[in-house]
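*Asks:* got a predicted structure plus its sequence, pasted below:
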There are 2 protein chains.
Amino acid sequence: MQVKDIFVSAPGKAILHGEHAVVHGKVALAVSLNLRAYLRLKVTTTGKVCINLPNIDTSQCWDLSELRRLIHNFHGKRDEAQRLDAELVKRLREFVGATNGNLDTCSMATLSFLYIYLSLFGSGELPSLTVTVWSELPTGAGLGSSAAYSVCLAAALLCTSGVIPAPLKEWDHTARWCQEDLELINSWAFQGEMIIHGNPSGVDNAVGTWVPRSTKVLVARVKDKINKFPSIMTPVLDSVDAISCTCEKVLSEMTCEPITGEHYNILEELIDINQHHLNVMGVGHPALDMLCRVTLAKGLHSKLTGAGGGGCGITLLRPETDSLVVQGTVQDLRDCGFDCWETSIGGPGVQQHSPLSVKEEILEILNRD
Amino acid sequence: MQVKDIFVSAPGKAILHGEHAVVHGKVALAVSLNLRAYLRLKVTTTGKVCINLPNIDTSQCWDLSELRRLIHNFHGKRDEAQRLDAELVKRLREFVGATNGNLDTCSMATLSFLYIYLSLFGSGELPSLTVTVWSELPTGAGLGSSAAYSVCLAAALLCTSGVIPAPLKEWDHTARWCQEDLELINSWAFQGEMIIHGNPSGVDNAVGTWVPRSTKVLVARVKDKINKFPSIMTPVLDSVDAISCTCEKVLSEMTCEPITGEHYNILEELIDINQHHLNVMGVGHPALDMLCRVTLAKGLHSKLTGAGGGGCGITLLRPETDSLVVQGTVQDLRDCGFDCWETSIGGPGVQQHSPLSVKEEILEILNRD
């Protein structure tokens, strides 16, 4: 079934525990967020392919004839995502001007889109279409904004190409794909992520510009510290591993038992302990310590999430936390220069939406073009 | 040889690493400080025993006849420190009014002095004497002020009783005892410590008033956390153990190799890591975190030392640290309400002094009575 117009969304993620330790073979615990990227794909008759990314003020169009020239003699397999086509990546990087010196968010997002589009449609007729993506997720904060973007792209383009069906029935508001289709979406999204975050064909230093901090530098810092003090640091990684496992156990208890204050007490203790461990690993930052102090002054417990060295922190809100306390904390954090997003964890994965099920303000943005 | 007048001193100590972990069978690293308690014992003909403790505004005298009544039928062995004489402790506590409700610093110090005095002299004639102790060490900060006091008492009273000789030769400024005598001093000092810090006969809750924070509560807090999260906390103790061992190795390298900046870098990293671990153990305090931030703003690394939960921190001064930086840091800390002592580590243990070798201002205090 060929779709003309499709809305999809995918969630961001937060690492609750185990960032960095995961690099050393330890358990990490990541959860989906109820902050999502939303994509609208519209099949057009303009003879052009357009992408609009209003979050980063990007709007680009290409004639189909231009794009066709990039894929002469192309024999991609649409029903499996193979290793990145290094030749195609190279041509695309020249095409969008994303050479080594220019690896900004906009170029990487465009590159990723064109790569999936051409890989899926390159062996047949290139369709004229417009893709608009709007994300509730901050970019570069370690909350999975680029992964959510890639997942949306993969899902929408796979549907449009007819490789997977659009799961939405007439009477549905939202629908999910079957496991097999999800795996295909995931594998193509991973191609997009490899374009954005680095791959063997030379885009790997993109990460330095895609995020404000270099994850690679932080990962290397932890590794250096382990090599310098193995007897001191190895137990710390073991402790982080146990924190991730304990947290997972508590969260799963909370889904099948009555939730008690003690559950939240333990989650808070785990957050505090891990924040200290991350400081021990050398990936803390005075601003993150300040975040912890500001929230603790309101009785709320925080830790950094993701790469660290700046970036993003998470603060646990208990169900009984008064909304005035939340507002006061948000204000205090903003006064210190932080941005704040309130969300819950465990939102659904990638899904197709009826236009009705997309929040009005987001629909308005997606329909703007 | 009976001595008429003796000056002795004993050092305080700081725990560099391993406080709390040592309770759980891990290595701790304690060092002597160049902050000392000084004692002068003068044999008098007043028929009284007097103790002066100008640090805590305490000055007490007893008639020998009063004291004699406390030890009728007494048969102590002076050349070995046995288990505490529970009956004598009980009588002394009634005598000085140190009942359960009154376990202040002054009572405990008096009790400890009278116990050692009566144990050593009780089976013979009680000598008339005056003891004055002045300490450079803050009390109740975990810097071993009570141990230094007990060691001075034991050394001076053992000398006066003739159980051990006074080691000072005419031409010496200071002198130390032989190993055997030191062991006897230590065993009697330990009796004094048991009086002060608790023993099976019921003085054990003294600790709650002798120090401003309750070490027992803090030790219990760590134990509770280990019991609650064994898989998370056990590795933390292992890491602390490795920190103590690494620090000892670095310090011993520094005594036999050229000292490099890298030695100090490692000492600083160990301090930072352990401070986080102590916070993980739950024995930190916002004031101690503030201490760390204030000193780090000047490039100096700090950690809590001792029981934690308040109390005392240590800050490493590198040899190249500018004295203006030290002065500025001290001023910043005082502005935050901290007291500061500058010292070096590795001072000599208990020693006898000629009056000439006692710093003038201390001699002046000791000779005041």
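*Replies:* Looks like it arrived, so ask away.
*Asks:* what residue in the stretch 1-150 of chain A comes nearest to chain B?
*Replies:* Per C-beta to the nearest C-beta, A:His17 is where the stretch 1-150 of chain A lies closest to chain B, at 10.5 Å. Where you see a C-beta, it was placed from the backbone N, CA and C, and this is true even at glycine.
*Asks:* which ones are touching A:Leu251?
*Replies:* A:Leu267 (C-beta atoms under 8 Å, 6 or more residues apart in numbering or on different chains).
*Asks:* and the nearest residue to A:Gly347 once chain neighbours are set aside, how close does it get to A:Leu333?
*Replies:* Excluding its sequence neighbours, the residue lying closest to A:Gly347 (C-beta to C-beta, 6 or more residues apart in numbering or on different chains) is A:Asn34, at 4.0 Å. Distance of A:Asn34 to A:Leu333, computed by C-beta to C-beta, to the nearest Å: 20 Å.
*Asks:* who has more neighbours out of these two?
*Replies:* A:Leu333 (20 against 15; other C-beta atoms under 10 Å in any protein chain shown).
*Asks:* only the buried residues of the helix or strand harbouring A:Phe113, if you could.
*Replies:* In this structure, A:Phe113 sits in helix A:105-121 according to DSSP states H and E. Going by neighbour count (16 or more other C-beta atoms under 10 Å in any protein chain shown), the buried part of helix A:105-121 is A:105, A:107-121.
*Asks:* and if you look at stretch A:170-181?
*Replies:* Taking 16+ other C-beta under 10 Å as the criterion, stretch A:170-181 shows A:Thr174, A:Trp177, A:Asp181 as buried.
*Asks:* any idea of the mean pLDDT for that stretch?
*Replies:* Across stretch A:170-181, the average pLDDT comes to 93.
*Asks:* can you give me the end-to-end span of that stretch?
*Replies:* From its first residue to its last, stretch A:170-181 covers 20 Å (C-alpha to C-alpha, to the nearest Å).
*Asks:* how far out from the middle of the chain is that stretch?
*Replies:* 21 Å (C-alpha atoms, centre = their mean, to the nearest Å).
*Asks:* elements contacting the strand of greatest length in chain A?
*Replies:* Counting residues, the longest strand found in chain A (DSSP state E) is strand A:29-43. When contacts are defined as 3 or more C-beta pairs under 8 Å, 6 or more residues apart in numbering or on different chains; DSSP states H and E, strand A:29-43 packs onto strand A:5-17, strand A:129-135, helix A:145-160, helix A:230-256, helix A:360-366.
*Asks:* in CSV: the ones you listed, plus distance to B:Arg368.
*Replies:* Shown next, in CSV, are the helices and strands packed on strand A:29-43 (distance: least, C-beta to C-beta, whole Å):
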stretch, distance to B:Arg368
strand A:5-17, 61
strand A:129-135, 77
helix A:145-160, 73
helix A:230-256, 49
helix A:360-366, 81
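*Asks:* just those: most buried one?
*Replies:* helix A:145-160 (a mean of 27; mean count of other C-beta atoms under 10 Å in any protein chain shown).
*Asks:* may I have it as CSV, with CA atoms only?
*Replies:* The C-alpha atoms that make up helix A:145-160 are tabulated as CSV, following Å, rounded to 0.1, in the frame of the first residue of the first chain:
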residue,chain,number,x,y,z
SER,A,145,17.0,13.6,19.8
SER,A,146,19.0,12.3,16.9
ALA,A,147,17.9,8.7,17.4
ALA,A,148,14.2,9.8,17.6
TYR,A,149,14.7,11.8,14.4
SER,A,150,16.3,8.8,12.6
VAL,A,151,13.6,6.4,13.8
CYS,A,152,10.9,8.8,12.5
LEU,A,153,12.7,9.1,9.1
ALA,A,154,13.1,5.3,8.8
ALA,A,155,9.5,4.5,9.7
ALA,A,156,8.0,7.1,7.4
LEU,A,157,10.2,6.4,4.4
LEU,A,158,9.9,2.6,4.7
CYS,A,159,6.1,3.1,4.7
THR,A,160,6.1,5.4,1.7
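*Asks:* pLDDT value on A:Val203, please?
*Replies:* Taking A:Val203 on its own, its pLDDT is 30.
*Asks:* just A:Glu257 next, same as before
*Replies:* On the pLDDT scale, A:Glu257 gets 85.
*Asks:* how many neighbouring residues does it have?
*Replies:* 9.
*Asks:* can you check A:Gly346 too?
*Replies:* 11.
*Asks:* phi, psi of it?
*Replies:* Backbone torsions of A:Gly346, given as degrees, to the nearest 10, read phi 90, psi 30.
*Asks:* re the thing from before, closest one to A:Phe338 among the helices and strands packed on strand A:29-43?
*Replies:* With C-beta to C-beta as the criterion, A:Phe338 lies closest to strand A:5-17 of the helices and strands packed on strand A:29-43, at 15.6 Å.
*Asks:* what pairs with the closest one, parallel or antiparallel?
*Replies:* strand A:29-43 (antiparallel), strand A:351-353 (antiparallel) (DSSP bridges).
*Asks:* ok so, going back, tell me the one of the buried residues of stretch A:170-181 nearest chain B?
*Replies:* A:Trp177 (37.8 Å).
*Asks:* the closest one: what secondary structure?
*Replies:* Put simply, A:Trp177 is coil when judged by DSSP: H, G, I helix; E, B strand; the rest coil.
*Asks:* check contacts around it.
*Replies:* Contacts of A:Trp177 (C-beta under 8 Å, 6+ apart): A:Ala155, A:Ile164, A:Pro165, A:Pro167, A:Ile185, A:Val350, A:Gln352.
*Asks:* leaving out chain neighbours, which residue sits closest to the residue positioned nearest the centre of chain A?
*Replies:* Geometric centre of chain A, nearest residue: A:Gly144, 2.0 Å, by C-alpha atoms, centre = their mean. Of all residues not flanking A:Gly144 in the chain, A:Lys13 sits nearest, at 4.0 Å (C-beta to C-beta, 6+ apart).
*Asks:* quick check: bridge partners of the one you found?
*Replies:* A:Ser32.
*Asks:* check which residues of stretch A:278-289 are buried.
*Replies:* For stretch A:278-289, by 16+ other C-beta under 10 Å, it's A:Leu278, A:Asn279, A:Val280, A:Met281, A:Gly282, A:Val283, A:Gly284, A:His285, A:Leu288, A:Asp289.
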